[in-house]
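Q: Turn this into a structure:
(chains A and B)
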Amino acid sequence: MGMKVRPTGAPVVGALAATALLAACSGGGGDDAGPPPDPWWITAGPGMDLPADDEDGSRFLTQATFGPNESEMTGLAYAGFDAWFEYQLDVAPSLHRPRLLARITAGENVLQNQRQEEWWYASVRGPDQLRQRMAFALSEIMVISDAAGALKNQVLGVSEYYDVLVRGALGNYRDLLEDVTKSPAMGVYLSHLKNQKGDPVTGIRPDENYAREIMQLFSIGLVELEADGTVRLDGSNQPIPTYDQADIEELARVMTGWSYAGATNWNFPQANFLAPMEPWEEYHDADAKTIVTGALIPAGLTAEEDLDAALDVLFNHPNTGPFISRRLIQRLVTSNPSPAYVGRVAAVFADDGEGVRGNLAAVARAILMDDEARNGHLAAPTTFGKVREPLIRLAGLWRAFDAGAATGRFRYWNPQNDFGQAALRAPTVFNFFEPDYAPPGPVADADLVGPEFQITTHTTVTTVANEWRDRILRAYPGFGSANQDTVTLNLTDELALADDPAALIDHLDLLLMGGQMSNDMRQTLINHVTGVDIDAGNKADGMQRVIDAIYLIVTSPEGSIQR
Amino acid sequence: MGASTFGALSSANLLHAAAQATPTYRALVVVYLAGGNDSHNLIVPTSATEYGQYLDSRQNLAVAQNELLAINPTTPDGRTYGIHPAAPGIQTLFEDGKLAFIANVGNLLEPVTKAEYDADSKPVPPRLFSHNDQTQQSMRVAADGAATLGWAGAFADRVVGLNGVTPLSPSVTLSGSSPLLAGQTTQQYHLSKNGSVSLSGFNGSTGAALRSTFDLLRAQSQPHLLQQQYRTMRNESIELDDLLSGVLEAAPDLVTTFPDDSGFAETMEMVAKMIQVRSSLGMERQVFYVKKGGFDTHAGQLDDQPELFGDLSATLAAFQAAMEELNTANEVTVAVISEFGRTLSSNGQGTDHGWGGHFMVMGGSVAGRDIYGTMPSLVLDGPDDSGDKGRIIPTQSMDQVAATLGRWFGVNPAQLPTIFPNLGNFASSDLGFLP
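A: Numbering: from 1, shown residues only, chains lettered A, B, ... in the order given. Okay, the predicted model is just below:
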């Protein structure tokens, strides 16, 4: 079952070149000059380590990117996984801030709305898809939010934070931890910016906020873990806390003496959200500290030296690998990874094979190429996978159908109202949903978790469906009420299949569901499409069939789960 | 036992219902101040000695003595108190006998003194001072964090039989999934502050066929558990919307006006609307959960706190007025809780995570204009400080507050120790603020 993007034995290069040309011309961004470069897979040439089949390729791209499209599936099936990863490591990062700056230079008023447009643009159009998907995952782990009053108006500052994640997404976690810690947006969000050493006279003491959350959420977590991420228990079967309040108070003293780069007055600094924070030694507590694990940071160090020492301790803590690995697996592949899977990924976090700890590119590859990622749907057919996050789904819809607006923008400014999420807009540092959320019902009854169910409520399950109406049933070519902001789906390939309902459904199954549609659902959809007149709805021939089918797949309970 | 989201009737619940007197409507509205409310600045001692101690501890975060709004508790404790100047509504509600404070509440397994805390000789809840852990612990039925039920969900399980046969759960959240409402036979229904959302998109000549297939797909069951879960949400959403949207639309507007530009006010207004239509929905017992965020005031506390307290105060006053308008004031109790109090000491820009804090209860049945329990010493490293930063050791437990609410709500008192296994560790299971 499923459309074959690469007919067995057929010569591929000619077809590939045609597909590539189509992809390069239909972007709609209008910001390219000169002839399009060869697509990555042409440059790479034919590979050996190909996806097992088209379904495997589609599933892989669902896990590793913002969603498969025909050209990427074709390329992967031609050049293979190695070449794909190589290209992803090589291609330049798609950043938000430079594009926002260009818009400001062009005289545009740039608000958080425009930041959201740039998030959509990079997520949908960025060739650095693995980096973008990892950055989004990291943005749900190392959380800041423009919902916080202090960041509401810091459009470039918040975009720079996302760029920190994009640049660091395939780098080393130690570097990322430091860049995140020194980010002024994080400094404002978790209030270690302008945090100063204690005053024995007034009793005013360092702010504990960042000290707590960097341990609880960004590195070691609350309780000791085994190498496979399972909770270690003491003699009375109780979890063992990784740190106590005293450890937090000590680390809070480390996190003193930082303010905006270039500030000339500690109390009234000029805000600079575009460069890492800088130390002010006179506000830094330079006395000795004993932080988590009993690590001693001696007296007399600078703010920078103190921070380095503390970040080394957190980064090298045995918890950090399994803790971060499990979270990344949950964001990309499955809500309930087996301990063995977490353990394999955490081992790569500990050593990428060349003695390097914290290599996120290697971690990403380990997550995606693990047998559980590739075959978990067969081994655990009733539990493997995750709820598709609505933001990723919409970016995926636009990728699958090469969508664009006349303006070249993706104008969807407040997805949190319908989806319960928007980039860097979580309600708290605990993200839109927590990694161990277990929705009451079949999932909790089976002792499983489903983090994304925390934003899948009786309300949002319907507001999300209503959004699909707008994005599909009111976004097809020729839609009468479209305007220049309408992100219109390119349905050329689908219209060509509209008179063959089974072929249409199989094509959409591969594109939107990894070829995993149940027979019941497939038959129901074929019946539906067959029952819609080819010229129904006063639309182009086949259009009603195509948009009905896409809408029904995207809103279906089956289609809402990534497996 | 498998949980069904709907208000399913079990024989135990029916028996319990039959044993009750003729039911009269009761609703419990739990307002959760997320992030850890700095209640030490909401109700402040104004008598000279205690205010001096407060000022010493709070430094730059102290509210000026002459700005505090005086209150006159029925039961004097030899000290005087005032309310934060941004909260005149709370002052008025208190003075009118419609609101009470519950002093120094927090998560506890059993009473613990400073000496015992220092000596590590009594168990305390795990992971104190951590947001999500303490939130869970304040809402779960056992403060050790092991339990999977929320206390309001456990209440709903025991009173659901009083409601008519209806797909609407007695537990309604307006702020997303809450551990508070996790029950065994009842599960929470999610309602937005704008009411029920209806599915749309089935227009034109092809709309009916599309809807028909949409319904076929949501009727298909799958073996995959996540798909089952999603399908359940989808089906419940549609079924409940069919029930609610018409009823809510048909209800006349309230005369009472709620504050503008406040998501919290809009949310509480929707709770009031739901209470307004209770009879049409066959409701005799309901629990509503509302979260108001922003209380994690590590930084910017001096700027943020007046806004937070102002919104809280004005919205509580409007809600109480709405209940009086609907003649349900005696049947509705609002409990204002938080996961922890905050440090008395300042970090310069705000406060950090603490332990004990003051809660509020409001409603016509509340024995208001009083402070229940003992207000703590505000001296750093003093008799109530767990260390030297002003993380105050609670003297009343969340369980005691919840049990008092549960008894009023109609939970059989004999069942309270089952719901709250640690309740017997405390002197009283009834703090006395409700009849």
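
Q: helix/strand/coil for B:Ala321?
A: helix (DSSP: H, G, I helix; E, B strand; the rest coil).

Q: Neighbours of the nearest residue to it once chain neighbours are set aside, how many?
A: Among residues not flanking B:Ala321 along the chain, B:Thr256 sits closest, at 4.6 Å (C-beta to C-beta, 6 or more residues apart in numbering or on different chains). For glycine as for every other residue, the C-beta is placed from the backbone atoms N, C-alpha and C. Using other C-beta atoms under 10 Å in any protein chain shown, B:Thr256 has 17 neighbouring residues.

Q: interface residues of the stretch 51-200 of chain B facing chain A?
A: B:56-57, B:59-60, B:126-133, B:148, B:176-177, B:182, B:187-192, B:197-200 (C-beta under 8 Å from any C-beta of the partner chain).

Q: Just the buried ones among those residues, please.
A: Buried members of these, counted by 16 or more other C-beta atoms under 10 Å in any protein chain shown: B:56-57, B:59, B:126-133, B:176-177, B:182, B:187-192, B:197, B:199.

Q: returning to that earlier point: list the ones among the residues of the stretch 51-200 of chain B next to chain A that fall in strands.
A: The strands, defined by DSSP state E, take in B:189-190 from these.

Q: for chain B, what helix or strand is lowest in average pLDDT?
A: helix B:11-19 (a mean of 43; mean pLDDT, DSSP states H and E).

Q: Give me the residues contacting the helix or strand just after that one.
A: Of the helices and strands lying after helix B:11-19 in sequence (DSSP states H and E), the nearest is strand B:26-33. For strand B:26-33, contacts defined as C-beta atoms under 8 Å, 6 or more residues apart in numbering or on different chains pick out B:135, B:139, B:152, B:155, B:175, B:178, B:180, B:268, B:271, B:275, B:278, B:284-292, B:295, B:312, B:316, B:319, B:328, B:331-339, B:405, B:408-410.

Q: Would you give the sheet partners of strand B:26-33, along with the direction of each?
A: strand B:285-292 (parallel), strand B:332-338 (parallel) (DSSP bridges).

Q: OK, contacts around residue 111?
A: No chain in the question, so chain A it is. A:Val155.

Q: My question was about chain B, not that one.
A: B:122, B:395, B:425-427 are the contacts of B:Pro111 under C-beta under 8 Å, 6+ apart.

Q: Quickly find the element holding it.
A: Under the criterion DSSP H and E, no helix or strand holds B:Pro111.

Q: Specify the residue positioned farthest from the middle of chain B.
A: Here the centre of chain B is the reference, and by C-alpha atoms, centre = their mean the most remote residue is B:Ser205, at 47.6 Å.

Q: Could I get the phi/psi values of that one?
A: Dihedral pair for B:Ser205: phi -70, psi -20, per degrees, to the nearest 10.

Q: what do you get for B:Phe101?
A: Torsion angles, degrees, to the nearest 10, at B:Phe101: phi -100, psi 150.

Q: TSV please, covering the strands paired with strand B:26-33 and showing distance to A:Arg205, mean pLDDT and mean neighbour count.
A: Shown next, in TSV, are the strands paired with strand B:26-33 (distance: least, C-beta to C-beta, whole Å; pLDDT from 0 to 100; neighbours: other C-beta atoms under 10 Å in any protein chain shown):
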stretch	distance to A:Arg205	mean pLDDT	mean neighbour count
strand B:285-292	28	98	25
strand B:332-338	22	98	24
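
Q: Select, out of those strands, the one closest to A:Lys289.
A: Across the strands paired with strand B:26-33, the minimum distance to A:Lys289, taken as C-beta to C-beta, is reached by strand B:332-338, at 30.5 Å.

Q: Please list the residues outside the closest one that contact it.
A: With contacts defined as C-beta under 8 Å, 6+ apart, strand B:332-338 is touched by B:26-37, B:39, B:105, B:138, B:275, B:295, B:312, B:316, B:319-320, B:323, B:357, B:359-366, B:398, B:401, B:405, B:408-409, B:434.

Q: Format the CA atom coordinates belonging to that strand as PDB.
A: Only the C-alpha atoms of strand B:332-338 are listed here, as PDB (Å, rounded to 0.1, in the frame of the first residue of the first chain):
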ATOM      1  CA  VAL B 332     -21.200  28.700  46.600                       C
ATOM      2  CA  THR B 333     -17.900  28.700  48.400                       C
ATOM      3  CA  VAL B 334     -14.700  30.000  46.800                       C
ATOM      4  CA  ALA B 335     -11.400  28.800  48.100                       C
ATOM      5  CA  VAL B 336      -8.200  30.800  47.100                       C
ATOM      6  CA  ILE B 337      -5.200  28.600  47.400                       C
ATOM      7  CA  SER B 338      -1.500  28.500  46.200                       C
END
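
Q: Name the next helix or strand downstream of that strand, please.
A: Sequence order places strand B:357-362 as the next helix or strand after strand B:332-338, per DSSP H and E.

Q: now, which of the residues of the stretch 51-200 of chain B next to chain A lie within helices?
A: Among these, DSSP state H puts B:56-57, B:131-133 in helices.

Q: how about these in a markdown table, adding distance to A:Pro390?
A: Shown next, in a markdown table, are these (distance: C-beta to C-beta, whole Å):
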| residue | distance to A:Pro390 |
| --- | --- |
| B:Asp56 | 51 |
| B:Ser57 | 46 |
| B:His131 | 25 |
| B:Asn132 | 23 |
| B:Asp133 | 28 |
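
Q: From these, pick the one nearest chain A.
A: Taking C-beta to the nearest C-beta as the measure, chain A sits nearest to B:Asn132 out of those, at 5.9 Å.

Q: ok, now which ones touch the closest one?
A: Residues counted as contacts of B:Asn132 (C-beta under 8 Å, 6+ apart) are A:430, A:434.

Q: ok, now A:Gln112?
A: A:146, A:152, A:155, A:158, A:413.

Q: ok, which residues in the stretch 201-350 of chain A are in contact with chain B?
A: A:202-209, A:212, A:216, A:222, A:238-239, A:241, A:245, A:248-249, A:335.

Q: Got a ChimeraX select line for the buried ones in the residues you listed?
A: Restricted to buried positions by 16+ other C-beta under 10 Å, the ChimeraX selection for those reads:
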select /A:203,204,205,206,207,208,209,212,216,222,239,245,248,249,335
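
Q: Can you tell me how far B:Arg231 is from B:Pro383?
A: Counting by C-beta to C-beta, to the nearest Å, the separation of B:Arg231 from B:Pro383 is 56 Å.

Q: er, A:Leu511 actually
A: Taken as C-beta to C-beta, the span from A:Leu511 to B:Pro383 is 68 Å.

Q: More neighbours: which of the two?
A: The residue with more neighbours, out of A:Leu511 and B:Pro383, is A:Leu511; 29 against 11, by other C-beta under 10 Å.

Q: Distance check, that one against B:Val31.
A: For A:Leu511, the distance to B:Val31 equals 46 Å [C-beta to C-beta].

Q: cool, and A:Met255?
A: 33 Å.

Q: Next, the residue of the stretch 251-400 of chain A found nearest chain B: phi, psi?
A: For the stretch 251-400 of chain A, the residue closest to chain B is A:Thr382, as judged by C-beta to the nearest C-beta, at 4.9 Å. Backbone geometry at A:Thr382, expressed as degrees, to the nearest 10, gives phi -100, psi 0.
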